[in-house]
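**Q** using only what follows, build the 3D model:
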Amino acid sequence: MHKIQDATEFTAALLDEKNTIQIFIEILKKEEDALVQGKIDDVDFLASDKTRLVEKLTQLGEQRSQYLLSQGLSTDSAGMNEWLEKHVDAQTLWNELLQLAKNAKQINQTNGLVISAQLQHNQRAFSALQSAAGNISMYGPKGQAFI
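**A** The predicted model follows:
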């Protein structure tokens, strides 16, 4: 991981983080479409892209934290706000990044709810099929079957 040396590099890293979140949101929207259309193979394919982007965002967040620490600032919002007081030109970029992160979180939560609802539906359908076949079985907390 590259160590950020100055405010210019830090601002460039914030821009990279913003752009990465935008790409992440695009993936989340594709995932949402695939879920709505029932294209599970597409959801699986997009999962690898999501994982790669989450890893990159994690690295960028770690870089940001390391830079703030190197400047004698805390790694929380107070530290970032203190840095922004001295670098007001980056304030808009930071606000955009925060809004995008909020949007990504919201879309991801919605997708999670859709996945959960589909999973519950599938579990009910599977149980109904088992009952119809006279093959009623349940599982205990350790995975043992009760027939």
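
**Q** what comes up buried for the host helix or strand of residue 53?
**A** Assigned by DSSP states H and E, residue 53 belongs to helix 40-70. By neighbour count on 16 or more other Cβ atoms under 10 Å, the buried set for helix 40-70 is 43, 46, 50, 53, 56, 57, 60, 63, 64, 65, 67, 68. The C-beta positions use only the backbone N, C-alpha and C, and glycine is treated the same way.

**Q** among those, which one lies nearest to residue 100?
**A** residue 57 (10.8 Å; Cβ to Cβ).

**Q** and the top helix by length along the chain, how far from the chain's centre?
**A** The longest helix of the chain (DSSP state H) is helix 91-132. Centroid displacement of helix 91-132 relative to its chain, using Cα atoms, centre = their mean, to the nearest Å, is 11 Å.

**Q** any stretches of the chain with poor pLDDT?
**A** Residue ranges of the chain with pLDDT under 70: 1, 121-122, 133-141, 143, 145-147.

**Q** again, 50 this time
**A** By pLDDT under 50, the chain has no low-scoring segment.
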